[in-house]
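Visitor: fold the following, please.
(one chain, ligands or ions: 2)
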Amino acid sequence: MASRLRRNLFAALDIGSSKVCCFIGLADDNGRLRIAGIGHVIAQGMKAGSVVNLDAVENSVLNAVHAAEQMAGETIRSVYVNVSCGQPHSLHLDVDLPMHGQAVRDIDVQKLLAKSQDSYAQMTHTQNTANDNVLDRHLLHAIPVGYSLDGSRGIRDPRGMFGQQLGASVHMISAQNGALRNLGHAVQRAHLDVDDLVLTPYASGLACLVEDELDLGCTLIDLGGGTTSIGVFFDGNLLFSDIVPIGGQHITNDIARGLSTPLQQAERLKTLHGSALYSQADDDDLLNVPLVGEADDEAAPNHVPRAQLNRIIQPRAEEILETVRQRLAEAGVDKIAGQRVVLTGGGSQLSNIRELAMQVLQKNVRLGRPIRLAGLADAAGGPAFSVAAGLLHYALRGRNEGGGSKSSTGKAGNWLGRMKQWMDEIL
Ligand SMILES: Nc1ncnc2c1ncn2[C@@H]1O[C@H](COP(=O)(O)OP(=O)(O)OP(=O)(O)O)[C@@H](O)[C@H]1O
Ligand SMILES: [Mg+2]
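Guide: Ligands and ions are numbered 1, 2, ... in the order given. Next comes the predicted model:
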């Protein structure tokens, strides 16, 4: 069956540092998503969210997609892909458009968003020329985060309202072209087109946050293997985002080095016995730790107190959360983000990470996993799958808006066209 032609079929590809995961989703007539197929494999050829070996990533993608297709009984030709690479950067631009007392129409909002993209292009061009340092960045999202009419701010949807001057604050998210090219190239080599590129914390937030969190202000932190993604949501939009290239793999590396044990053993110790909070009470709890080079059964394992393991884990987990705190403070979004934090990603399964995050960030923290998705089995409903689930929500939002004017996904009208053109040019 030519399932790829079905309008209600979407495919998501989360190319992570630890695993590559493909979700195939079907939307029903009420706009609800049901998962039809899932495939995930250990990621090869990725480091800190970036492609470092094209062949290996292509292979991982092929395997994950194949498994999802088998389960769904459908073939896919294109995918929504997340981006954690290319040093993503967030900035806000204010733009306006004269209205001459007329009512705001779809086309006016579209014009305003197009203007923001033109201003952004001009601004980066000038900066690059001035610095003689061509950064070569691509605009991933242009998200209108609030409109104003004649200086009166806080308007969520201005269509139908009257005024002299329509204004918007637009959140621009860009990433370096080279890294995006490698990502797109790995996907294309697996015979798939890219429907769209979506910043990782954006997708993760769409999957995990409840409406009130999206509206009232919330910080989403996706603790991955090689990266930690930050998304601040307010008034239903993504207001700020950042990605830090440290994650759970760094904790595992620290354990392997600190206890002279192979990486596989370090990973096992972390997930089974590790805790983000060190406690002296764990001094009496002895763990068997095979030493590097002596992993066979004959060799007597080293006995290490559990407290020693956690004394290695805690400082790295603290470093990750402290870096998030600093990034939020530097961006000045700490206040607007409110008191609510949601932790997700595979790393959020580390015992006591919620408690540590509460201490470091001084906020209310809950653990998050994908919500609003039917047919997601327990095995694929965990926090490591938030991004794949969120990519499907993003795809559905885009479809429901039909490329219309008020684009909450940050793709307004011809912007999607330009994006596709860009993909064709660079790949
Ligand atoms: N029970 C657990 N306790 C602690 N850490 C865990 C647990 N389960 C998984 N992890 C960690 O989660 C990390 C992988 O998370 P995830 O699958 O979200 O990463 P990824 O999406 O592949 O990577 P990234 O988002 O950084 O590109 C690994 O470092 C792994 O050790
Ligand atoms: Mg991830």
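Visitor: let me see the backbone angles for the residue of the stretch 51-200 of the chain found nearest ligand 2.
Guide: In the stretch 51-200 of the chain, the residue that lies nearest ligand 2 is residue 200 (6.0 Å; Cβ to the ion). (C-beta placed from N, C-alpha, C; glycine too.) Phi and psi for residue 200, reported as degrees, to the nearest 10, are phi -50, psi -50.
Visitor: what parts of the stretch 101-250 of the chain come near ligand 2?
Guide: Proximity of the stretch 101-250 of the chain to ligand 2, by Cβ under 5 Å from the ion, involves residues residue 224.
Visitor: what segments of the stretch 101-250 of the chain are strands?
Guide: If DSSP state E, counting those that start in this stretch is used as the criterion, the strands of the stretch 101-250 of the chain fall at 137-149, 152-155, 165-176, 193-199, 218-223, 228-234, 237-244.
Visitor: pLDDT value on residue 295, please?
Guide: For residue 295, the pLDDT comes out at 54.
Visitor: which parts of the stretch 51-200 of the chain are helices?
Guide: For the stretch 51-200 of the chain, the helices defined by DSSP state H, counting those that start in this stretch cover 54-72, 106-131, 177-189, 200-208.
Visitor: relative to strand 237-244, how tilted is the last one?
Guide: Okay, so that is helix 200-208. Orientation of helix 200-208 against strand 237-244 (axes from the mean of the first three to the mean of the last three Cα atoms, to 10 degrees) gives an angle of 130 degrees.
Visitor: repeat that for the first one.
Guide: Counting by the same axes, to 10 degrees, helix 54-72 points 130 degrees away from the direction of strand 237-244.
Visitor: for helix 54-72, which positions count as buried?
Guide: By neighbour count with 16 or more other Cβ atoms under 10 Å, helix 54-72 contains the buried residues 57-65, 67-69, 72.
Visitor: ditto for the third one
Guide: For helix 177-189, a neighbour-count test (16+ other Cβ under 10 Å) marks 177, 179, 180, 181, 182, 183, 184, 186, 187, 189 as buried.
Visitor: related to what we said a few turns ago, ok, which of the strands of the stretch 101-250 of the chain comes nearest residue 9?
Guide: Across these, residue 9 has its closest neighbour in strand 193-199 (11.3 Å, Cβ to Cβ).
Visitor: re earlier: of all the helices of the stretch 51-200 of the chain, which lies closest to residue 95?
Guide: Nearest to residue 95, of the helices of the stretch 51-200 of the chain and by Cβ to Cβ, is helix 106-131 at 4.5 Å.
Visitor: give the buried residues for the closest one.
Guide: For helix 106-131, the neighbour count (16+ other Cβ under 10 Å) marks 108, 109, 110, 111, 112, 113, 114, 115, 116, 117, 120, 124 as buried.
Visitor: ok, so what distance separates the last one from residue 307?
Guide: Between residue 124 and residue 307 the computed distance is 51 Å (Cβ to Cβ, to the nearest Å).
Visitor: ok so, going back, the residue of the stretch 51-200 of the chain closest to ligand 2: neighbour count?
Guide: By the criterion of other Cβ atoms under 10 Å, residue 200 has 30 neighbours.
Visitor: ok, it - contacts?
Guide: 49, 82, 83, 84, 222, 224, 227, 229, 243, 387 (Cβ atoms under 8 Å, 6 or more residues apart in numbering).
Visitor: follow-up on the earlier one: for the buried residues of helix 54-72, work out which two are farthest apart.
Guide: The most widely separated members of those, counting by Cβ to Cβ, are 57 and 72 (22.2 Å).
Visitor: enumerate the residues of the stretch 101-250 of the chain near ligand 1.
Guide: Residues of the stretch 101-250 of the chain found near ligand 1 (Cβ under 6 Å from any ligand atom) are 224, 225, 226, 227, 247, 248, 249.
Visitor: you'd agree residue 80 is up against residue 392?
Guide: Yes. Between residue 80 and residue 392 a contact is recorded at 7.4 Å, counting by Cβ atoms under 8 Å.
Visitor: need the overlap of contacts for those two.
Guide: What both residue 80 and residue 392 touch, as defined by Cβ under 8 Å, 6+ apart, is the set 10, 12.
Visitor: all the strands of the stretch 251-400 of the chain, residue numbers only.
Guide: All strands of the stretch 251-400 of the chain, identified by DSSP E, counting those that start in this stretch, fall at 286-289, 302-305, 340-344, 364-367, 373-374.
Visitor: nearest to residue 22, out of those?
Guide: With Cβ to Cβ, the closest approach to residue 22 among the strands of the stretch 251-400 of the chain belongs to strand 373-374: 14.5 Å.
Visitor: just the pLDDT for the closest residue to ligand 1 within the stretch 1-150 of the chain.
Guide: Nearest to ligand 1, among the residues of the stretch 1-150 of the chain, is residue 16, at 2.4 Å (Cβ to the nearest ligand atom). Looking at residue 16, its pLDDT stands at 97.
Visitor: please apply the same query to the one 10 residues further on.
Guide: pLDDT, residue 26: 91.
Visitor: give the helix, strand or coil label for it.
Guide: strand (DSSP: H, G, I helix; E, B strand; the rest coil).
Visitor: contacts only, for it.
Guide: Residues in contact with residue 26 (Cβ under 8 Å, 6+ apart) are 8, 9, 10, 33, 34, 35, 36.
Visitor: 6 Å instead?
Guide: By Cβ atoms under 6 Å, 6 or more residues apart in numbering, the contact set of residue 26 is 8, 9, 34, 36.
Visitor: could you give the number of residues near the second one?
Guide: Other residues within reach of residue 9, judged by other Cβ under 10 Å, total 19.
Visitor: same check on the third one?
Guide: Other residues near residue 34 number 14, with proximity taken as other Cβ under 10 Å.
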